[in-house]
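Q: Need coordinates for the following:
(2 chains)
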Amino acid sequence: MMEAVAAIPPFERFYDERKDEIFGYLARLLGREAAEDAFQETFLRALRAYAKLEHGRHLRAWAFTIATRVAVDVRRTATPVAEPEDIPVHDERPPYAELEHLAGELPPTERAAVVLRYGYDLSYDDIGAALGSSAEAARAAASSGVRRLRRKEIA
Amino acid sequence: MTTVPDGLDRRFRDAAASAGLLDVAYDFTDSPVGRLLVAASERGVCRISFDPEPERELDELARTFGARVLRSPRPVEDVRRELDEYFEGARREFDLAVDLTPLPAFQRSVLEELVLVPYGGVDTYGGLAQRIGKPRAARAVGGALNRNPIPIVVPCHRIVGASGSLVGYAGGLERKQALLGLEGALLV
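A: Numbering: from 1, shown residues only, chains lettered A, B, ... in the order given. This is a model prediction of the structure:
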């Protein structure tokens, strides 16, 4: 029998498919140590919301949305942010890869926008949703972030 | 690619269960009759599977109990321990709550009656049919046992044919024989 394409998968499958990527993302935003708490909080929030999901579309973007909100909360309440983990970025976006080590100094929203766009290839629509704003705002945050990083690189 | 450290993964699985956020927690355990999947809902043990194929099991558990299905050892610790004791011959009765709520009423009545067949004993399909007040339903009783979601703990292996032959077992006749042998009920 064919399953509906957008059926909601058992949570185990969703978790298993997303956990490494989300942990990597949180480590980029928060540093490895803070990422551990944020990781647990992200998937507990996902579990709490899971029973209310209406379909299984966009679950990857949804996971990034929750992780972003958790990370923003953490950075709002935490004092000095740990040095973000130095993760080798092996994608075909050298402009960002060269800048990534500086991203830790960006304001949280710009940082999340830059990492989601260039590190994980999310669309501006999805990033807007993750940031609780719009696609336009996400695009603006990402490009402002990149400009700021370029200036830093030069400085 | 960054991977989640094992300790963190384990902590999340524990936290998810202790926060009461799971529809079903499951894990695997080894036994003399092979690897078993054991699963529990909030109400009790809800599934024991022989030769589990994880993907299919997950889909079925999610369909029956809700999508929040997660491998999480702690909630099924008691089930695993009691099964170990049973297979060591140190336990004759299970002190476990079972969750039969998703089953049709007829099947539930069969399984609830079945639990009363004691360790070391056997009954027949017809006998069980009689005891639930449906003496002509031996065949339907067979069907209900065949789809028993919690074998071993709900002891469908203790039901045999009128002639004493083993007849059938969803987990395979060898397993039925092994379980009855362990309980000392093996009829020759």
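Q: got the residues of chain B near chain A?
A: B:1-5, B:8-9, B:11-12, B:15-16, B:19, B:21-23, B:55, B:58-59, B:61-62, B:66-71 (Cβ under 8 Å from any Cβ of the partner chain). (Each C-beta comes from the backbone N, C-alpha and C, glycine too.)
Q: Quick check: phi and psi on whatever residue of chain B ends up closest to chain A?
A: Across chain B, no residue is closer to chain A than B:Thr2, which sits at 3.6 Å (Cβ to the nearest Cβ). Dihedral angles of B:Thr2 (phi, psi; degrees, to the nearest 10) stand at phi -80, psi 140.
Q: mind checking which helix or strand of chain A has the lowest mean pLDDT?
A: Lowest on mean pLDDT, DSSP states H and E among the helices and strands of chain A sits helix A:94-97, with a mean of 54.
Q: Could you give the number of residues near B:Gly20?
A: Using other Cβ atoms under 10 Å in any protein chain shown, B:Gly20 has 7 neighbouring residues.
Q: Now do the same contact list for it.
A: Remark: with contacts taken as Cβ atoms under 8 Å, 6 or more residues apart in numbering or on different chains, B:Gly20 is in contact with B:Glu42.
Q: Where does the spatially most central residue of chain B fall, secondary structure wise?
A: Among the residues of chain B, the one closest to the centroid is B:Ile150, at 2.0 Å (Cα atoms, centre = their mean). Using DSSP states H and E, B:Ile150 sits in no helix or strand.
Q: Ignoring the adjacent residues along the chain, who's closest to whichever residue of chain A sits closest to chain B?
A: Using Cβ to the nearest Cβ, the single residue of chain A nearest to chain B is A:Gly24, 3.6 Å away. The spatial neighbour of A:Gly24 that comes closest, neighbours along the chain excluded (Cβ to Cβ, 6 or more residues apart in numbering or on different chains), is B:Thr2 at 3.6 Å.
Q: Give me the three-state assignment for the closest residue to B:Asp123 other than its chain neighbours.
A: Spatial nearest neighbour of B:Asp123, excluding adjacent residues (Cβ to Cβ, 6+ apart): B:Val117 at 5.0 Å. On the three-state scheme (DSSP: H, G, I helix; E, B strand; the rest coil), B:Val117 is labelled coil.
Q: ok, A:Leu26 to A:Asp73 distance?
A: Plainly put, A:Leu26 is 12 Å away from A:Asp73 if you go by Cβ to Cβ, to the nearest Å.
Q: These two: which has the busier surroundings?
A: Shown here are A:Leu26 and A:Asp73; by other Cβ under 10 Å, A:Leu26 has more neighbours (27 against 13).
Q: So which residues make contact with stretch A:14-29?
A: With Cβ under 8 Å, 6+ apart, stretch A:14-29 has contacts from A:34-35, A:38-39, A:42-43, A:46, A:50, A:59-60, A:63-64, A:67-68, A:70-71, A:75, A:84-85, A:87, A:100, A:103, A:108, A:111-112, A:115-116, A:119-120, B:1-4, B:8-9, B:70.
Q: Many thanks, have a good one.
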